[in-house]
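>>> Return a 3D structure for these sequence lines:
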Amino acid sequence: MGVTLVHMTVKEELYDRFVLLKFEEIFSKVAHTHGNALTSDELMAMLKANREPQDYKGWIDIWTEWMTLYSLCKDNHGLLRKETIKAVYDGSLFEHMEKERAAAKKKA
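Numbering: from 1, shown residues only. Purely as a prediction, here's the structure:
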C-alpha cells in the first residue's frame, strides 16, 4: 500500500507541474521534421538550447533522462512521438509502451 501511495503522489506531482502550453511550445519550436514528433537531432538541439550555463551535472542528468526515453520509446522511423513524451508526465508511459509492443506483436 505504501508503494501505491508514493507512486500516486509522485504521479500527481509530476502532472501538476505539467503545463500544456509549454509542452506544445516544445513542438512548435523544435519539431521541424514532423510536427508531432522529435528526431534525435531535434531532441539534441532542444537539450542544448535549454542548458543552464556551467551546470555540467545537470547537462549529464537531463541528457541521460531524455536519451533513455528516446532509446526506449522511439518508433521504427526514429521519432519520439508527442503522445509518448506526454505519457511520461501523466504517468501512463509504461502502459503506453505495453500497448505499442502488443500492437507490434499482433502485426508480426
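>>> low-scoring stretches of the protein, by residue?
1-18 (pLDDT under 70).
>>> which residues in it form strands?
Using DSSP state E, the strands found in the chain span residues 37-38, 80-81.
>>> Check these for me and report the most buried one.
Highest mean neighbour count of the strands of the chain: strand 37-38, a mean of 24 (counted as mean count of other C-beta atoms under 10 Å). All C-beta spots, glycine's among them, are computed from the backbone N, C-alpha and C.
>>> For that strand, which outside residues touch it?
Strand 37-38 has contacts (C-beta atoms under 8 Å, 6 or more residues apart in numbering) with I26, F27, V30, A31, M46, Y70, D75, L79, L80, R81, K82, I85.
>>> ok, now which ones touch the spatially most central residue of the chain?
Against the mean C-alpha coordinate of the chain, by C-alpha atoms, centre = their mean, the closest residue is I85 at 3.0 Å. Neighbouring residues of I85 by C-beta under 8 Å, 6+ apart: F23, I26, L38, L69.
>>> Tabulate the residues you listed in CSV, adding columns for distance to R101.
Output for the contacts of I85, formatted as CSV (distance: C-beta to C-beta, whole Å):
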residue, distance to R101
F23, 24
I26, 25
L38, 20
L69, 16
